[in-house]
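Participant: Take this sequence and fold it.
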Amino acid sequence: MAYKIAVFDAKPYDQDTFEKVNQQFGYELVYHKEHLDKHNVILAGGADAVCIFVNADVDKYVIDKLCEMGVKLIALRCAGFNNVDIAYAAGKIKVVRVPDYSPHAIAEHTLALMLCLNRKVHRAFLRTRDWNFSLNGFLGFDMYEKTVGVIGTGKIGKTVIGVLKGLGMKILAYDLYPDHEFAAKNDIKYATLDEIYTNADVITLHCPLTKETEYMICEDSIAKMKDGVMIINTGRGKLIHTKHLIDGLISRKIGYAGLDVYEEEGAYFYEDCSDSVLTDDVLARLLSFNNVIVTSHQAFFTEEAMSNIANTTMNNVADFFAGKELKNEVVHQAK
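Facilitator: Numbers count the residues shown, from 1 in each chain. Take a look at the predicted model:
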């Protein structure tokens with residue numbers, strides 16, 4: 001029997017990768033370009049499992065409809081799961097994810113944003129297209145011996161630390177569950193958030209989005225930061241209160257912002273909106289700053305990461321239908 005998987009938010013590159021990996025499994029893959037939500041959940045009819053990405057919205061209604069239609073598994077092809085009502089899914093439908101796919105991909109994109117902002121590469125590229133080779137406005141700083149605050153020291157955060165130590169930067173790390181053995185081995189210091197806000201020249205976010213971390217970068221935390229601080233976010237959009245970030249950019253409290261994620265990205269990211277009018281005033285304002293770089297949630301997007309995502313996702317599905325232990329299951333933690 002060939003199990004049927006409805007793959008939502010499927011772009012050509014997703015299809016190419018999944019088709020290659022599926023040669024080992026022989027599932028019936030049905031691709032949908034839409035993000036799974038209450039408006040199109042009916043497309044999952046007849047499927048045994050659904051495969052979704054970061055912009056899906058799997059609320060109580062969607063979960064009930066999936067169960068009603070006989071769908072037995074929600075397979076996230078990403079690490080985050082804040083877009084699924086895990087508490088409501090408990091006991092109704094299994095949820096699995098890809099906890100890591102390439103921390104190097106995220107870390108390298110993080111570094112790319114830092115270096116591009118610091119050395120004004122994005123501006124230099126545009127300027128030289130017009131035969132303007134002036135250096136005015138392009139003054140950067142040595143990252144060597146500057147202090148970087150790494151918030152979140154999971155696999156990605158630790159990889160980021162390794163990359164930044166290669167530049168000779170001083171590391172202040174924060175994690176709700178600090179890895180002191182890692183800190184001692186790598187000669188880094190765990191600090192409080194306030195210590196990071198006060199002392200870091202660069203702050204980079206690599207923590208999950210939870211009730212505790214939502215809008216952690218806000219008016220209050222920004223006020224504690226160094227003047228001209230650089231903020232990088234390759235984690236989740238809602239870690240930053242964007243309007244407060246804009247206020248910080250206007251006041252020049254924030255000197256640079258590199259964002260691979262945006263709190264309202266679902267309507268735009270991964271889509272070609274070049275023929276549309278941008279109706280999101282906040283995003284439009286962000287894009288107007290020459291000291292801000294916004295990329296389209298692409299930090300993960302390497303050949304290696306895409307292959308790892310597809311392989312882990314398909315193995316998660318295979319384990320479920322074989323009745324094996326689900327090592328990547330997302331389990332609701334009752335409080």
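Participant: All the strands of the stretch 1-150 of the chain, in order from the start?
Facilitator: 4-7, 28-31, 49-52, 73-76, 94-96, 147-151 (DSSP state E, counting those that start in this stretch).
Participant: Just give me the neighbour total for the closest residue in space to His35 that isn't next to it in sequence.
Facilitator: Once flanking residues are discounted, His35 sits nearest to Asn55: 4.4 Å by CB to CB, 6 or more residues apart in numbering. For glycine as for every other residue, the C-beta is placed from the backbone atoms N, C-alpha and C. By the criterion of other CB atoms under 10 Å, Asn55 has 21 neighbours.
Participant: quick one: Asn55 and Glu264 touch, right?
Facilitator: No: the criterion here is CB atoms under 8 Å, and Asn55 misses it with Glu264 at 10.7 Å.
Participant: if we can go back for a sec, do you know how far the residue nearest to His35 is from Cys67?
Facilitator: 22 Å (CB to CB, to the nearest Å).
Participant: now Val150
Facilitator: Distance of Val150 to Cys67, computed by CB to CB: 40 Å.
Participant: More neighbours: which of the two?
Facilitator: Val150 (29 against 13).
Participant: Bridge partners for the more buried one, pull those for me.
Facilitator: Ala173, Thr204 (DSSP bridges).
Participant: That one touches His206, doesn't it?
Facilitator: Yes: counting by CB under 8 Å, His206 is a contact partner of Val150 at 6.5 Å.
Participant: Name the residues contacting each of those two.
Facilitator: Common neighbours of Val150 and His206, counting by CB atoms under 8 Å, 6 or more residues apart in numbering, are Gly157, Val160.
Participant: Going along the chain, name the helices of the stretch 51-200 of the chain.
Facilitator: 60-68, 86-89, 103-118, 121-129, 155-165, 180-186, 193-199 (DSSP state H, counting those that start in this stretch).
Participant: And the second one, what does it pack against?
Facilitator: For helix 86-89, the helices and strands in contact under the criterion 3 or more CB pairs under 8 Å, 6 or more residues apart in numbering; DSSP states H and E are helix 60-68.
Participant: now the helix it packs on, how far from the centre of its chain.
Facilitator: 26 Å (CA atoms, centre = their mean, to the nearest Å).
Participant: could I get that helix in CSV with only the CA atoms?
Facilitator: C-alpha atoms of helix 60-68 as CSV (Å, rounded to 0.1, in the frame of the first residue of the first chain):
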residue,chain,number,x,y,z
LYS,A,60,-8.1,23.7,16.5
TYR,A,61,-10.4,23.8,13.4
VAL,A,62,-7.7,22.5,11.1
ILE,A,63,-6.8,19.7,13.5
ASP,A,64,-10.4,18.7,13.8
LYS,A,65,-10.9,18.7,10.0
LEU,A,66,-7.7,16.6,9.5
CYS,A,67,-8.8,14.0,12.0
GLU,A,68,-12.3,14.0,10.5
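Participant: which of the residues in that helix are buried?
Facilitator: Val62, Ile63, Leu66 (16 or more other CB atoms under 10 Å).
Participant: Mind checking the pLDDT average for that helix?
Facilitator: Here helix 60-68 scores 98 as its mean pLDDT.
Participant: Please enumerate residues in contact with that helix?
Facilitator: 36-38, 41-42, 44, 50, 58, 74, 85, 88-89, 92-93.
Participant: show me the contacts for Ala56.
Facilitator: Contacts for Ala56 (CB under 8 Å, 6+ apart) come out as Phe8, Asp9, His35, Leu36, Asp37, Asn83, Val84.
Participant: Skipping its backbone neighbours, what lies nearest it in space?
Facilitator: For Ala56, the spatially nearest residue (CB to CB, 6+ apart) is Leu36, at 4.2 Å.
Participant: ok, that neighbour to Val71 distance?
Facilitator: Leu36 is 10 Å from Val71, by CB to CB.
Participant: Show me the common contact partners of the two, please.
Facilitator: With CB under 8 Å, 6+ apart as the test, Leu36 and Val71 both reach Ala44, Val50.
Participant: Compare those two (neighbour count), which wins?
Facilitator: It is Leu36, of Leu36 and Val71, that has more neighbours when counted by other CB under 10 Å, with 27 against 23.
Participant: Make sure the more buried one is actually in contact with Asp57.
Facilitator: Yes: with contacts defined as CB under 8 Å, Leu36 counts as touching Asp57 at a distance of 7.3 Å.
Participant: residue contacts, the residue nearest to Phe18 when sequence neighbours are not counted?
Facilitator: Excluding its sequence neighbours, the residue lying closest to Phe18 (CB to CB, 6+ apart) is Ala310, at 5.1 Å. Shown in contact with Ala310 (CB under 8 Å, 6+ apart): Thr17, Phe18, Lys20, Val21, Arg77.
Participant: Contact partners for the residue nearest to Ile203 when sequence neighbours are not counted?
Facilitator: Distances taken as CB to CB, 6+ apart place Gly149 nearest to Ile203, at 4.5 Å, with adjacent residues excluded. Applying CB under 8 Å, 6+ apart, we find Gly149 in contact with Leu172, Ala173, Tyr174, Ala191, Ile196, Tyr197, Asn199, Ala200, Val202, Ile203, Thr204.
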